[in-house]
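Using only what follows, build the 3D model:
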Amino acid sequence: MKPLIKVLIPAFNEEDSIAKVIKEIPKLVDEIIVINNNSTDDTVKKAINAGATVLTETKKGYGFACLKGIHYIKNQINKPSIVVFLDGDYSDFPEQLHEIIKPILEENIDFVVGARVKNLRERGSMTPQQIFGNWLATFLMKLIYGSKFTDLGPFRAIKYDKLLALEMKDKTYGWTIEMQLKVLKQKMSYKEISVKYRNRIGVSKVSGTFKGSIFAGAKILGWIFKYSFK
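From the prediction side, this is the model:
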C-alpha cells in the first residue's frame with residue numbers, strides 16, 4: 001500500500017526560497033504544509049502559489065510552528081504514515097526525501113535524521129558555532145545515552161504514530177534535540193542518512209545571530225542534562 005506522507009516546513013521570511021523548496025519535493029508526498037511563523041514578506045503568497053497548504057502560527061518559534069503543523073495533521077481524517085520535517089531556506093536538498101524515508105519503508109526504522117556530513121556540505125553552509133554545537137550535543141548524547149547520532153539536522157522523517165508518542169513540547173530552539181533525546185529514551189529505532197547541505201538563501205534566524213546561537217546552545221544543553229537526571 002502506498003504510504004501517506006506529509007511534509008512540515010516552518011517558515012519565517014523565506015520568500016526567496018520557499019517556492020524552490022516546495023517545487024523540488026518529490027511528487028510521492030501527499031501534502032506539503034508550510035507553517036508561516038509571523039513572516040512580514042511574501043512567504044505565504046509564494047508558498048500558496050507553489051501548491052502548499054499554508055498555516056499561520058503567530059507565536060514565534062521553530063517549535064511553535066512544528067506543533068501547529070502536528071495539530072493540523074491530528075485533525076485530518078486521513079492520517080499519514082510518515083511525517084517529514086524540512087527547512088524552508090533551501091539549505092537542504094528536498095529531492096533527497098527519497099533517501100530519508102527509505103529506511104522507514106524498507107527497514108521499518110522509526111526515525112531518520114539527515115546528517116550534514118563534512119564532505120557533502122558546501123563551504124560556509126554551517127557556521128563554526130553550529131559545527132561545534134552539533135559536535136558537543138552529539139558527544140554528550142553518546143556519553144550519557146550511548147547514542148549513535150552525529151548531527152541534529154533539521155531534515156528528518158518519523159513514523160506518524162511514533163511522532164505522537166514523543167509528545168513534543170519545546171517551543172523554540174530545542175525542538176530537534178528534544179526529538180532525538182525522546183527517541184533514545186523511548187528506545188525507538190533510528191538511523192542517520194548522509195545528506196548534502198548548501199548555503200541557505202537569506203540570513204539564518206538562529207545561527208546567523210549571536211543571540212540566536214547563545215539561546216540555541218543553552219536550549220540544547222538544557223534538554224540533554226534535563227533528560228540525564230530522569
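
pretty sure residue 16 is touching residue 200, no?
No. Contact criterion C-beta atoms under 8 Å: residue 16 and residue 200 do not qualify, at 10.1 Å. C-beta coordinates here come from the backbone N, C-alpha and C atoms, glycine included.

who has more neighbours, these two?
residue 200 (20 against 15; other C-beta atoms under 10 Å).

Any figure for the gap between the more buried one and residue 54?
20 Å (C-beta to C-beta, to the nearest Å).

what's the answer for residue 164, then?
The value you get for residue 164 to residue 54, if C-beta to C-beta is used, is 23 Å.

State the pLDDT value of residue 143.
pLDDT recorded at residue 143 is 89.

distance between the one helix or strand it maps to and the chain's centre?
Taking DSSP states H and E as the criterion, residue 143 maps to helix 128-145. Centroid separation for helix 128-145 versus its chain: 17 Å, with C-alpha atoms, centre = their mean, to the nearest Å.

Starting from the helix or strand following that helix, tell me which strands it pairs with and how they run.
Using DSSP H and E, the helix or strand that follows helix 128-145 in sequence is strand 156-159. According to DSSP bridges, strand 156-159 forms sheet pairs with strand 82-85 (antiparallel), strand 111-115 (antiparallel).

returning to what we had before: quick one: work out the angle between the helix holding residue 143 and strand 111-115.
If you take axes from the mean of the first three to the mean of the last three C-alpha atoms, to 10 degrees, helix 128-145 sits at 140 degrees to strand 111-115.

what helices or strands is helix 128-145 leaning on?
The elements that helix 128-145 packs onto, with contact taken as 3 or more C-beta pairs under 8 Å, 6 or more residues apart in numbering; DSSP states H and E, are helix 175-185, helix 210-228.

ok, back up a step: will you turn the strands paired with strand 156-159 into a markdown table that also has distance to residue 127 and mean neighbour count?
Below are these laid out as a markdown table (distance: least, C-beta to C-beta, whole Å; neighbours: other C-beta atoms under 10 Å):
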| stretch | distance to residue 127 | mean neighbour count |
| --- | --- | --- |
| strand 82-85 | 21 | 24 |
| strand 111-115 | 17 | 25 |
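
Tabulate these (CSV), appending distance to residue 133 and mean pLDDT.
Formatted as CSV, the strands paired with strand 156-159 follow (distance: least, C-beta to C-beta, whole Å; pLDDT from 0 to 100):
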stretch, distance to residue 133, mean pLDDT
strand 82-85, 19, 98
strand 111-115, 15, 98
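
Distance to residue 27 for those strands - can I get that in TSV?
As requested, the strands paired with strand 156-159 are exported to TSV (distance: least, C-beta to C-beta, whole Å):
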stretch	distance to residue 27
strand 82-85	14
strand 111-115	20
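
neighbour-wise, which of residue 164 and residue 54 wins?
Ranked by neighbour count (other C-beta under 10 Å), residue 164 and residue 54 place residue 54 first, with 20 against 15.

Just after the strand or helix carrying that one, pick out the following helix or strand.
Of the helices and strands defined by DSSP H and E, residue 54 is found in strand 53-56. Heading C-terminal from strand 53-56, the first helix or strand you meet, by DSSP H and E, is helix 62-74.

Quick one: mean pLDDT for that next one?
The model assigns helix 62-74 a mean pLDDT of 97.
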